[in-house]
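J.: sequence and predicted model, in that order:
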Amino acid sequence: MTFADWIAEPVNWAFLAIGLAVLVCSFRVVTTNNVVHAALYLVGALAGSAGLFLLLSAEFVAWTLVLVYIGAVVVLFLFGIMITRAPTGADEGLDGDHKVWPALLSLALFVTISWGTIDAFGTDPITTTGDPTVTEILGESLLGRFVIPFEIVGFVLLAALIGGITIARRDLTPVEEEERVSV
Amino acid sequence: MIANQFLVLAAALFSLGVYGLLVRRNIVLILLSVELMLNAVNINLVAFEAVLNTPQALGQVFAIFVITIAAAEVGVGLAIVLLIFRNRRSANVDELNLMRW
């Protein structure tokens, strides 16, 4: 398949546009000097990934990503930023001193992974029909074959909830503890 | 569409996440980079599902598991960041030398 054949499909234009947006947003997430901007660029990257999932006809996963990540996780990040950094302007001290070796390492990682995937999968076509995956199938897998992992993941979420509360809760000082008991 | 365009894009996202993980000093930004890496894995899983078209939509099921675990990870991670910040007045990893001598 030549590049001319590839670009002739309109769906690939959508892929190029969304993919470029995702790449630019992700690049800004790891390079920007402003913590709040990093979290907001992450929203862009995740929304673009949801668009890619829609292209791959994974509608349920796409909207789950929007709900869980953009709706909850990014808000949590913004709260974390607000609590840990009162002045939220640009800051030069967000990065460490060494940048060349991490850049080289991640470039090497990218070349290795993409060489591996191109070598292994070549031009395997995506055979999805374009119709969205029926959510019923997902539900049957989740509550059928994968019911035990599903329950375990639910338990992990509960444990994370309780753990998060326990860790972040401020312990009372002995004096405060005494006052509370005496009242 | 071919599988490789998604896989190479996911590889690029993963590498950007690794770069951010190694370069950033602020813990919150390190967690953001980890989210990028998890998201790259999700793109891979859904792309493989679109190639293989398994009858049980296995790739999408695993993507949902990854999203769930990532949400739990962020909750616990930010709670730890909060506790560290309260005790040390700093959220930079190179200033956390409690367990170093």
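T.: Done, it's in.

J.: going by residue numbers, what spans are helices in chain A?
T.: Using DSSP state H, the helices of chain A run over A:3-8, A:10-31, A:35-55, A:59-65, A:74-84, A:100-121, A:135-143, A:147-168, A:174-182.

J.: run the chain-centre distance for the helix or strand in which residue B:67 is found.
T.: Assessed by DSSP states H and E, residue B:67 sits inside helix B:58-88. Mean C-alpha position of helix B:58-88 versus that of the full chain (CA atoms, centre = their mean, to the nearest Å) differs by 9 Å.

J.: do stretch B:91-100 as well
T.: Counting by CA atoms, centre = their mean, stretch B:91-100 comes out at 22 Å from the chain centroid.

J.: same question for stretch A:51-66.
T.: The chain centroid and the centroid of stretch A:51-66 are separated by 13 Å under CA atoms, centre = their mean.

J.: flag every buried residue along it.
T.: Buried residues in stretch A:51-66, defined by neighbour count with 16 or more other CB atoms under 10 Å in any protein chain shown: A:51-62, A:64-66. Placement of C-beta: from N, CA and C, glycine included.

J.: so does it get close to chain B?
T.: Yes - Stretch A:51-66 comes into contact with chain B (CB under 8 Å from any CB of the partner chain), by way of A:52, A:53, A:55, A:56, A:57, A:58, A:60, A:61, A:64, A:65.

J.: now for those residues: which two are most distant?
T.: Using CB to CB, the two most remote members of the residues of stretch A:51-66 next to chain B are A:55 and A:64, lying 16.1 Å apart.

J.: and the residue most central in space within chain A, how far from residue A:77?
T.: Nearest residue to the geometric centre of chain A (CA atoms, centre = their mean): residue A:46, 5.9 Å. From residue A:46 across to residue A:77, the span is 11 Å (CB to CB, to the nearest Å).

J.: ditto for residue A:146
T.: Following CB to CB, the distance that separates residue A:146 from residue A:77 is 29 Å.

J.: and what of residue A:102?
T.: Residue A:102 is 22 Å from residue A:77, by CB to CB.

J.: same deal with residue A:42?
T.: 7 Å.

J.: and what of residue A:135?
T.: On the measure of CB to CB, residue A:135 and residue A:77 end up 28 Å apart.

J.: who has more neighbours, those two?
T.: residue A:77 (26 against 13; other CB atoms under 10 Å in any protein chain shown).

J.: show me the contacts for that one.
T.: A:39, A:42, B:28, B:31, B:32, B:74, B:78 (CB atoms under 8 Å, 6 or more residues apart in numbering or on different chains).
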